[in-house]
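1. Turn this into a model:
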Amino acid sequence: MKNIITLNILFFCAIVFSFVSCSDDEGPAYNSIAEGSISMSHDGESWESTLVTGISVSGINNYNALKSTESQLSLTIENNSIGAYLLGEQSLSAMTFSINSTAETYGSFEEELASGTITVEEENVSLQTISGSFDAVLVDSDGNVKVISNGLFNKIRYN
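-> Take a look at the predicted model:
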């Protein structure tokens, strides 16, 4: 009988410990990359920016990220407010990804095949920065598909 009580106590302690140790100390996923950068995967290959610029004109915001001279990513968001912005579906928000060596450009403009979301999770109006995530299926002019996943942007500045 003592063994059963001891086992129940140990089991109870293990459950309590597992709930207590599951705190969210890491913070949002975008904190896993450097401030002022964008990262993602395309077709399973990791991609991280070497230079990012942002500009805001009349409520439309464009962020361009370069990976050396190899490739570039462009995110256009209807505004910088926290929220999810759909790509495709007659939205002002858009995404393009270009591979410079092959002159391939994939975009979210083909509304029947392209899809995705850019999510602004944090906006700092005084510092003019945004942070968040994105995923998309982009299409080139021949109908070829580029899958963008695990996209993150951390404290991207805009003017």
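2. Only C-alpha atoms from now on, for both contacts and neighbour counts.
-> Fine.
3. Helix or strand for the residue nearest the centre of the chain, just tell me which one.
-> By C-alpha atoms, centre = their mean, the mean C-alpha position of the chain lies nearest to Ser133, the distance being 2.3 Å. Following DSSP states H and E, one finds Ser133 within strand 129-139.
4. re earlier: do I have it right that the residue nearest to the centre of the chain meets Gly116?
-> No: Ser133 lies out of contact with Gly116 (C-alpha atoms under 8 Å); the separation is 10.9 Å.
5. Next, the angle strand 129-139 makes with the top strand by length along the chain.
-> Secondary structure of the chain per DSSP state E: the longest strand is strand 145-157. For strand 145-157 against strand 129-139, the angle by axes from the mean of the first three to the mean of the last three C-alpha atoms, to 10 degrees is 170 degrees.
6. Given strand 145-157, what are its sheet partners and their directions?
-> Note on strand 145-157: by DSSP bridges, its sheet partners are strand 37-42 (antiparallel), strand 129-139 (antiparallel).
7. Export those strands as CSV, with columns for distance to Asn154 and mean pLDDT.
-> As requested, the strands paired with strand 145-157 are exported to CSV (distance: least, C-alpha to C-alpha, whole Å; pLDDT from 0 to 100):
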stretch, distance to Asn154, mean pLDDT
strand 37-42, 6, 96
strand 129-139, 4, 96
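8. winner for burial among these?
-> strand 129-139 (a mean of 23; mean count of other C-alpha atoms under 10 Å).
9. Contacts only, for Thr119.
-> Ile82, Gly83, Ala84, Tyr85, Gly132, Ser133, Phe134 (C-alpha atoms under 8 Å, 6 or more residues apart in numbering).
10. at 6 Å instead, please
-> The neighbourhood of Thr119, defined by C-alpha atoms under 6 Å, 6 or more residues apart in numbering, consists of Gly83, Ala84, Gly132, Ser133, Phe134.
11. The second one belongs to a strand, doesn't it?
-> Read it as Ala84. Yes: assigned with DSSP: H, G, I helix; E, B strand; the rest coil, Ala84 falls within a strand.
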